[in-house]
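> coords please:
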Amino acid sequence: MLDKLAPANVLVLDSGNALFANAGIATEPEKARAGFVLGVMEQLGTRVMAVGQRDLSAGLPFLEKLAKTSKVKLLSANLLRGGKRVFDAGVVIDAGGVKVGIVGLTAVGPVAPDKDVNAGATIAAAREALKALGPRDLTIVLAATSYADGMQLSTELKGEVDFVIQSGEFRGTQPAQRMDDQSALLFASAQKGQALAKVQVSLGNGKGPFIDLSVGDRDQQQTDFLASQVKTLEERIAAAKDKSATGDLKKTLADLKGRQKELAAAMAKRVAPTAKTVKLEWVLLGQDVADDPKLKAEVLKYEPTYSGSH
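A predicted model of the protein is given here:
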């Protein structure tokens with residue numbers, strides 16, 4: 001699937017909590033599975049992953065050992081051991097000539113297996129990391145936190161960050177969210193690798209907040225629905241034998257046409273040709289996505305009950 005995209009213009013990221021199913025619980029088979037997962041992420045071209053609490057289930061030394069053998073760069077601006085940061089806080093990556101600044105964050109709290117390891121406050125750590133990044137065209141926070149914390153980051157870091165990509169709760173394939181047009185767009189992770197988020201970004205003239213084209217798509221769907229309802233009402237009114245009994249239908253028709261005009265006006269002014277835009281699409285990894293036989297054989301070693309096609 002990723003092979004079909006232009007490699008120079010693609011940046012594969014992971015918001016963490018990917019290696020273990022549960023925080024603080026890691027059997028030997030689960031450790032082997034964690035190494036396999038990180039290896040597959042590398043094969044997929046994943047450049048950066050935030051460190052989540054579930055990634056630390058076997059302890060920090062285990063994760064550090066994995067990281068040394070992987071090309072996936074692990075980030076956390078607030079994960080501390082003895083008061084000192086363990087991983088790099090952020091990085092700037094060139095993706096097709098676009099400089100992308102990325103900061104990683106870990107959910108606040110102690111790390112179960114390690115008494116001297118904990119994750120401190122996220123917002124202060126993020127701001128410090130952002131200041132150290134240097135020039136960039138796009139800024140992303142990978143937040144291995146709760147969704148509520150992700151929304152707080154989206155709002156508090158308004159004007160400093162473009163996107164917040166969150167993991168830590170299963171939210172499914174929902175649209176991007178934000179509190180207002182100036183806040184960073186918040187993308188939630190899907191459940192257990194059952195979908196791939198494809199985010200298309202255009203920097204336009206580089207000014208102003210990003211416009212979410214998915215909102216326009218939803219408005220277009222509503223416009224199409226309204227058009228079908230208007231047509232149905234017009235046909236019912238035309239076919240009515242007693243024209244005096246069509247008052248309610250005519251009122252509803254007028255309301256629908258008014259809503260059509262409102263949507264048309266909003267859609268016309270939403271996207272200027274030079275605007276910065278972003279569009280989220282979810283690729284569901286179901287029966288219509290063929291298995292890779294070699295990869296599936298490897299998966300079955302770690303997940304013998306697997307039977308799906310994703």
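> can you give me the mean pLDDT across stretch 177-188?
If you average the pLDDT over stretch 177-188, you get 89.
> how long is it from one end to the other?
9 Å (CA to CA, to the nearest Å).
> what's the local residue count around residue 143?
Neighbours of residue 143 under the rule other CB atoms under 10 Å: 33. Yep, even glycine has a C-beta here, placed from its N, CA and C like the rest.
> again with residue 287
10.
> is it part of a helix or strand, or is it coil?
coil (DSSP: H, G, I helix; E, B strand; the rest coil).
> show me the contacts for the residue nearest the centre of the chain.
Nearest to the geometric centre of the chain sits residue 187, at 3.3 Å (CA atoms, centre = their mean). Applying CB atoms under 8 Å, 6 or more residues apart in numbering, we find residue 187 in contact with 163-166, 176, 197, 199, 280.
> if you set the cut-off to 10 Å instead, what comes out?
Residue 187 makes contact with 15, 140, 143, 150, 154, 163-167, 171, 174-177, 197, 199, 278, 280, according to CB atoms under 10 Å, 6 or more residues apart in numbering.
> can I have the buried ones of the residues you listed as a PyMOL selection?
Selection of buried members from the contacts of residue 187 for PyMOL, criterion 16 or more other CB atoms under 10 Å:
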select buried, resi 15+140+143+150+154+163+164+165+166+167+171+176+177+197+199+278+280
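> how about the strands in the stretch 101-250 of the chain?
With DSSP state E, counting those that start in this stretch applied, the stretch 101-250 of the chain shows strands at 109-111, 114-119, 138-144, 163-166, 185-188, 195-202, 211-212, listed in chain order.
> export these to JSON lines and tack on distance to residue 48?
As requested, the strands of the stretch 101-250 of the chain are arranged in JSON lines below (distance: least, CB to CB, whole Å):
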{"stretch": "strand 109-111", "distance to residue 48": "20"}
{"stretch": "strand 114-119", "distance to residue 48": "18"}
{"stretch": "strand 138-144", "distance to residue 48": "7"}
{"stretch": "strand 163-166", "distance to residue 48": "10"}
{"stretch": "strand 185-188", "distance to residue 48": "15"}
{"stretch": "strand 195-202", "distance to residue 48": "14"}
{"stretch": "strand 211-212", "distance to residue 48": "23"}
